[in-house]
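1. What shape does this take:
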Amino acid sequence: MWNKIGRIVTLVAERLDIEPEKAFDVFYESKTCERLHDPQDYLYLMGDLYIVDELVTELQNK
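-> Below you'll find the model as predicted:
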């Protein structure tokens, strides 16, 4: 799972044009991250880009 999170954080940093450290914080403070770690949600089965899209949608809806 750490490799997946690393890839997601890298993609978030690129998508939002922010530093990777900031992307890490944004991701870990999100509902998307909670969902990724919830075995009942099955988000962990989705591709990295799909998860990034979910996070961006979450941020836009805040």
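
2. if I pick residue 16, what's in contact with it?
-> 23, 26, 56 (C-beta atoms under 8 Å, 6 or more residues apart in numbering). (Each C-beta comes from the backbone N, C-alpha and C, glycine too.)

3. measure residue 59 to residue 40 for me?
-> 23 Å (C-beta to C-beta, to the nearest Å).

4. related to what we said a few turns ago, neighbour count says what about the contacts of residue 16? Which are buried?
-> Among the contacts of residue 16, the ones that count as buried by 16 or more other C-beta atoms under 10 Å are 23, 26.

5. Out of the contacts of residue 16, the closest to residue 12 would be?
-> Each of the contacts of residue 16 was scored against residue 12 by C-beta to C-beta, and residue 23 proved nearest at 4.2 Å.

6. show me what contacts the closest one?
-> Contacts of residue 23 (C-beta under 8 Å, 6+ apart): 9, 10, 12, 13, 16.
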